[in-house]
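# model the following, please.
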Amino acid sequence: MVKKEKRSVDVTDVRNKNGRRKHFIDPDVIIIGSSSDEAEPDSSDMSDSDPVTAPLHNKRKIKSHADDDVPHDEPPPTKRKTKKGEVLLQTASKEDALEMAQEKNVYKPSINAVKYKSDVMNVIKKLRTQRNVTAAKGGKGVGVQNSRGRIPLKTKMLQGNAMLYDGLKEYLLTEQTRIEQGYPFRNTRKRYAAVLLGGDKRVTTDSSEKICSRCGATYSVGQTGRHTRMKECNYHYGKGVEQRVPGGVETRYSCCEAVMGSPGCQVFKLHVHDGVSLDGFVFTQPRPTIDTSCPGVYSLNCEKCYTTRGVELSRVTLVNSSMQILYDTFVRPANDVIDYNTRFSGISEKNVKEVNVSIKEVQKTLLNLIRADTILIGHSLDMDLCLLKLTHEVVVDTSVVFPHSLGPPHKLALNTLVADHLRKIVQDRASGHDTAEDALACMELMLWMIKEGGRVRRV
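Purely as a prediction, here's the structure:
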């Protein structure tokens, strides 16, 4: 006996215990025999015009095909949340975790795909070089990172290169150029003081009003240089980069690619200024007349930190013409530090507090080595000399030797010069710059210039 039974179906109950989607039963179900035995509906009996059963039935089929592509024999990766709310995959071993950390260090500072590929290739090149050096040393590490900022003056490496010295004479800055570039000169009216003949906004005054070098805001300080009010600094750490767009050119920040003038992408607890004090300067002395040896050629690079009195020296590195590090040390600032500028300097509070070297000790060490006719090489060396509180006249500035195509006051960055002329990549560390790397790059640039006979490719 065949009978027809009317039943209502709960549309929300669409899955069985295994998670598979159930077939929907038409309200008019034909029951054959006992009423407890339900027949499986035929797909031909289910009309496509039914507003309830047809769409859900099609969706069930799509879902079943998708499930077939998932490998159910492998357990899904486990996840955990950090304090910052980031979801990280738990790796199978410490080696995998280390590789993920290295990948993250390369990926985070990359602002686009081109920069990312460049950083990856540079990391691979450094790993290969490190492996070759380790193999040459018989499997022992060279320990470069451990000696960072802790290399005392090596007097055995002070040999001069007379041929290089003579070749660099044509690249020495004239007095007028040093004035225009903001180099410090000896103050003849005040002892142990310097003067910037071209005028410079970096010079600190007794004014209680300061201008933040990051966001441009004006803020007040007391007599000790401390802030009178605690105000956050909202700023962009990247430079403005012009990009061609339909209808013209727009400028965006290199740090976050936001349009010029947009709110800052970084926040710091206080404002800072890059003023320098012109007191406490020392001056290089001439050599004794009986000394007829080569005066020497050295490359110099410094890093700064922000203190209550402006910017102060936090690290200095000196390199000779044989590409050897003569002197490298962290320096403890004389005033309270506001920001160690770690993003660019690569220097942390721990690095500075582990040493007790003062700027006066650094000056004494350098004056025993650098004479009045010694050639110093650097990139924008005026700032390095201001940080060292040292006046020196015989200088070679790579930012002047390799000029910008637009002329002054535009300057090419050091990493741009190295990439264009030496086909190398520097200043790519996520932890900041390295003074030793920059000093070596400046020396290598001038060695390349001497070798090429003064032929400079315009950038």
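
# in CSV, list the C-alpha atoms belonging to stretch 188-203.
Provided in CSV are the C-alpha atoms of stretch 188-203 (Å, rounded to 0.1, in the frame of the first residue of the first chain):
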residue,chain,number,x,y,z
THR,A,188,89.6,81.8,17.6
ARG,A,189,87.7,83.9,20.2
LYS,A,190,86.8,81.1,22.6
ARG,A,191,89.0,78.3,23.8
TYR,A,192,87.9,74.7,23.2
ALA,A,193,85.0,75.9,21.1
ALA,A,194,84.0,75.6,17.4
VAL,A,195,82.0,77.7,15.0
LEU,A,196,79.9,77.0,11.9
LEU,A,197,80.8,79.8,9.5
GLY,A,198,78.0,79.0,7.2
GLY,A,199,75.4,79.1,9.9
ASP,A,200,73.5,76.0,10.9
LYS,A,201,70.2,75.3,12.7
ARG,A,202,71.8,72.4,14.5
VAL,A,203,73.6,74.7,16.9
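
# which residues outside that stretch are in contact with it?
Stretch 188-203 has contacts (Cβ atoms under 8 Å, 6 or more residues apart in numbering) with 179-187, 274-276, 278-282, 310-311, 386, 389, 391. Backbone N, C-alpha and C define where each C-beta goes, glycine included.

# got a PyMOL select line for the buried ones in the residues you listed?
Buried residues among the contacts of stretch 188-203 (16 or more other Cβ atoms under 10 Å), as a PyMOL selection:
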select buried, resi 180+181+182+183+184+185+187+274+275+276+278+281+282+310+311+386+389+391
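
# among the contacts of stretch 188-203, name the ones in helices.
If you go by DSSP state H, the contacts of stretch 188-203 have 179, 180, 181, 386 in helices.

# so how far is residue 382 from the first one?
Counting by Cβ to Cβ, to the nearest Å, the separation of residue 179 from residue 382 is 10 Å.

# kindly report the same for residue 266.
From residue 266 to residue 382 the distance is 27 Å (Cβ to Cβ).

# between those two, who's got more neighbours?
residue 382 (22 against 15; other Cβ atoms under 10 Å).

# list the contacts for that one?
Residue 382 neighbours (Cβ under 8 Å, 6+ apart): 178, 181, 182, 183, 184, 397.

# one more time with 10 Å, if that's ok
Each residue near residue 382 by Cβ atoms under 10 Å, 6 or more residues apart in numbering is listed here: 173, 178, 180-184, 196, 198, 200, 202, 395, 397, 399.

# model confidence over the helix or strand harbouring it, on average?
Here residue 382, judged by DSSP states H and E, is contained in helix 381-388. What helix 381-388 shows for mean pLDDT is 96.

# kindly export that helix (C-alpha atoms) in CSV.
Written as CSV, here are the backbone C-alpha positions of helix 381-388 (Å, rounded to 0.1, in the frame of the first residue of the first chain):
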residue,chain,number,x,y,z
LEU,A,381,81.7,63.9,7.5
ASP,A,382,80.6,67.3,8.9
MET,A,383,78.1,65.6,11.2
ASP,A,384,80.7,63.0,12.3
LEU,A,385,83.2,65.7,13.3
CYS,A,386,80.5,67.6,15.2
LEU,A,387,79.6,64.4,17.2
LEU,A,388,83.3,63.8,17.9
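
# quick check, pLDDT for the spatially closest residue to residue 332 that is not a sequence neighbour.
Distance criterion Cβ to Cβ, 6 or more residues apart in numbering; nearest residue to residue 332, sequence neighbours excluded, is residue 352 at 5.6 Å. Reported pLDDT at residue 352 in the predicted model: 90.

# pull out the buried positions in the helix or strand hosting residue 352.
Residue 352 belongs to helix 349-353 when assigned by DSSP H and E. For helix 349-353, burial by neighbour count (16+ other Cβ under 10 Å) applies to 351, 352.

# quick one, what contacts the closest residue in space to residue 255 that isn't next to it in sequence?
Leaving aside its sequence neighbours, residue 255 sits nearest to residue 238 (Cβ to Cβ, 6+ apart; 2.9 Å). Residues in contact with residue 238 (Cβ under 10 Å, 6+ apart) are 111, 252, 253, 254, 255, 256, 257, 258, 265, 266.

# now the two most distant members of those residues.
The most widely separated members of those, counting by Cβ to Cβ, are 252 and 266 (15.5 Å).

# quick one, domains of the protein?
Domain assignment for the chain, taken from automatic domain parsing, gives 2-66, 93-142, 149-194+284-452, 209-268.

# mean neighbour count, those: which tops it?
Across the domains of the chain, averaging neighbours per residue (mean count of other Cβ atoms under 10 Å) puts domain 149-194+284-452 on top, at a mean of 18.

# can you get me the start-to-end distance on it?
For domain 149-194+284-452, the separation between the terminal residues is 33 Å (Cα to Cα, to the nearest Å).

# repeat that for stretch 252-271.
23 Å.

# rounded mean pLDDT for it, please.
Mean predicted lDDT for stretch 252-271 stands at 91.

# for stretch 279-296, same thing?
pLDDT averaged over stretch 279-296 gives 91.

# only alpha carbons, please: show it as PDB.
Provided in PDB are the C-alpha atoms of stretch 279-296 (Å, rounded to 0.1, in the frame of the first residue of the first chain):
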ATOM      1  CA  ASP A 279      81.700  73.600  23.300                       C
ATOM      2  CA  GLY A 280      84.300  71.000  24.300                       C
ATOM      3  CA  PHE A 281      86.000  70.800  20.800                       C
ATOM      4  CA  VAL A 282      89.600  69.700  20.300                       C
ATOM      5  CA  PHE A 283      91.800  70.300  17.300                       C
ATOM      6  CA  THR A 284      94.200  68.100  15.400                       C
ATOM      7  CA  GLN A 285      97.900  69.100  15.800                       C
ATOM      8  CA  PRO A 286     100.600  69.200  13.100                       C
ATOM      9  CA  ARG A 287     103.300  66.500  13.100                       C
ATOM     10  CA  PRO A 288     106.800  67.100  14.300                       C
ATOM     11  CA  THR A 289     109.100  68.400  11.600                       C
ATOM     12  CA  ILE A 290     111.400  65.300  11.900                       C
ATOM     13  CA  ASP A 291     108.500  63.000  11.100                       C
ATOM     14  CA  THR A 292     108.700  62.400   7.300                       C
ATOM     15  CA  SER A 293     106.400  59.300   7.100                       C
ATOM     16  CA  CYS A 294     103.100  59.200   5.300                       C
ATOM     17  CA  PRO A 295     100.500  61.200   7.300                       C
ATOM     18  CA  GLY A 296      98.000  58.400   6.800                       C
END
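
# the closest residue to residue 313 other than its chain neighbours: what's it in contact with?
Residue nearest to residue 313 in three dimensions, not counting chain neighbours: residue 387, with 4.3 Å by Cβ to Cβ, 6+ apart. Taking Cβ under 10 Å, 6+ apart, we find residue 387 in contact with 276, 302-305, 311-316, 331, 359, 362.

# closest to residue 149 out of the contacts of residue 238?
Using Cβ to Cβ, these come closest to residue 149 at residue 266, 25.7 Å.

# bridging residues for that closest one?
Applying DSSP bridges to residue 266 yields these beta-bridge partners: residue 235.
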